[in-house]
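Engineer: Got a sequence here, can you model it:
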Amino acid sequence: MLEYTGERIIPEKMKITNGMLLEHLARYYFSLYYANGRLLDFACGTGYGSNIIAKAAKDKITEVVAVDIDPLTIQYAKQNYYHPKVTFTLGDVTNSEIVKSLGTFDVIVSFETIEHIEDEVQFLNNVYNLLKPGGTLVISTPFGAGRGMQTKEPFHVHQLTEQEFYSLFSRYSSTEVFYQRSVLIEPKRPGKHYPIGIAVCIK
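Structural biologist: Residues are numbered from 1 along each chain as shown. Alright, predicted model coming up:
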């Protein structure tokens, strides 16, 4: 049985007022503006977000492919968040062969993923290669002390600084950065502290 660990979001096991749950939901609803065609939810977790996109953007998308590395999590997603336009797939986002197995996408969303990954370069290469020319990437991460620095979060390899996060997307034709505080997602405002960044990149 899949258990809530403080990192995996399992909406059925959390209060509707839980701040972490609301933050995660906000990111998926934010991404709906960009959803179209064939969409990849990279590191989809328990599948609630893939289901949200499939339902809310059903007239704009053709398919949602949702990938996660944990077999129990994928099993849970299939059992609890089935939608005819969603395919839940076991996979490692840092496996270079995943590009061949999945094909390419019009949109990729990947929320709160990169801070968990040792092989950051391969992950970013996979994302870029999985995205069609002109496609859109929507990706988020919590800000922290920087690459290689310790973090208080037991499941995080590290947490990037704002500048480190921005620097990841130089090969995209355009990048727009938004900031999240609780459920609020907005352009950066002077004097405001934002714990989370969201980049929207066009290939």
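
Engineer: alpha carbons only for contacts and neighbour counts from here, please
Structural biologist: OK.

Engineer: Start and end of stretch 52-65, how far apart?
Structural biologist: 13 Å (Cα to Cα, to the nearest Å).

Engineer: Show me what the longest strand belonging to the chain packs onto, helices and strands only.
Structural biologist: Using DSSP state E to define each element, the chain has its longest strand at strand 131-142. Strand 131-142 sits against strand 105-111, strand 196-202, with contacts defined as 3 or more Cα pairs under 8 Å, 6 or more residues apart in numbering; DSSP states H and E.

Engineer: Need the winner for burial among those strands.
Structural biologist: Looking across these with neighbours counted as mean count of other Cα atoms under 10 Å, the highest average goes to strand 105-111: a mean of 24.

Engineer: For R147, grab phi and psi.
Structural biologist: R147 has phi and psi values of phi -60, psi 130 when expressed as degrees, to the nearest 10.

Engineer: Run me through the strand neighbours of the longest strand of the chain, direction for each.
Structural biologist: The pairing partners recorded for strand 131-142 under DSSP bridges are strand 105-111 (parallel), strand 196-202 (antiparallel).

Engineer: May I see the ones you listed organised as CSV, with mean pLDDT and distance to L130 added?
Structural biologist: Shown next, in CSV, are these (pLDDT from 0 to 100; distance: least, Cα to Cα, whole Å):
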stretch, mean pLDDT, distance to L130
strand 105-111, 98, 6
strand 196-202, 98, 13
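
Engineer: between the helices and strands packed on strand 131-142, which gets nearest to L184?
Structural biologist: Minimum separation from L184 across those (Cα to Cα) falls at strand 196-202, 10.5 Å.

Engineer: outside of that closest one, which residues touch it?
Structural biologist: 134-143, 162, 165-166, 169, 172-181 (Cα atoms under 8 Å, 6 or more residues apart in numbering).

Engineer: which other helices and strands contact the next helix or strand after the longest strand of the chain?
Structural biologist: Sequence order places helix 162-166 as the next helix or strand after strand 131-142, per DSSP states H and E. With contacts taken as 3+ Cα pairs under 8 Å, 6+ apart, helix 162-166 sits against strand 196-202.

Engineer: what about 10 Å?
Structural biologist: strand 131-142, strand 174-181, strand 196-202 (3 or more Cα pairs under 10 Å, 6 or more residues apart in numbering; DSSP states H and E).

Engineer: between those, which gets nearest to K58?
Structural biologist: strand 131-142 (17.7 Å).

Engineer: Show me which residues of the helix ranked longest in the chain are buried.
Structural biologist: Selection of the longest helix in the chain by residue count, based on DSSP state H, yields helix 19-31. Buried residues in helix 19-31, counted by 16 or more other Cα atoms under 10 Å: M20, L21, E23, H24, L25, A26, R27, Y28, F30, S31.

Engineer: tell me the contacts of the third one?
Structural biologist: Neighbouring residues of E23 by Cα atoms under 10 Å, 6 or more residues apart in numbering: Q180, R181, S182, V183, L184, I185, I196.
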